[in-house]
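below are the sequence and a predicted model for it; my questions follow.
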Amino acid sequence: MTTTYSPEIKKFIEEELATGAYEDESALIAEALGVFRELKQRHAELRQQIQQSLEDEKAGRVALFDVHEIISELELEVDETGQAIL
């Protein structure tokens, strides 16, 4: 398979190969595609979590919280030096 890259991508490939971290262009491309696949999967999972959160909010299955109240509660758990009170 013959692949043509933009000048920017070609330069990036050459720079990465020059580091010696990859045996050849195929190894670099395989790793890049693996990272891309993982990123897409994580993106899909995040989208699903956001969608679930929106559905939960519409259905009233969420509890509101007050950031200032949370901070006040956390401040009660630490001493004046910021160390946890056990």
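Perfect, thanks for sending it. Residues are numbered from 1 along each chain as shown.

next, the buried residues of the lengthiest helix in the chain.
In the chain, taking DSSP state H as the definition, the longest helix is helix 25-58. For helix 25-58, a neighbour-count test (16 or more other CB atoms under 10 Å) marks residue 28 as buried. Every residue, glycine included, has its C-beta placed from N, CA and C.

quick check: mean pLDDT of that helix?
In this model, helix 25-58 carries a mean pLDDT of 97.

and that helix, what other elements does it pack with?
In terms of contacts (3 or more CB pairs under 8 Å, 6 or more residues apart in numbering; DSSP states H and E), helix 25-58 is packed against helix 7-18.

show residues contacting the helix it packs on.
5, 22, 24-25, 28 (CB atoms under 8 Å, 6 or more residues apart in numbering).

10 Å instead?
Contact with helix 7-18 is made by 3-6, 22-25, 27-29, 31-32, as judged by CB atoms under 10 Å, 6 or more residues apart in numbering.

in those, find the pair that's most separated.
Maximum pairwise distance in these, criterion CB to CB, is 23.4 Å, between 6 and 23.

now the contacts of helix 7-18 as CSV including distance to residue 86?
Putting those into CSV (distance: CB to CB, whole Å) gives the following:
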residue, distance to residue 86
3, 60
4, 63
5, 58
6, 58
22, 50
23, 53
24, 56
25, 56
27, 51
28, 50
29, 53
31, 46
32, 48
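
let me know the closest of these to residue 79.
Using CB to CB, residue 31 comes nearest to residue 79 of the contacts of helix 7-18, at 47.8 Å.
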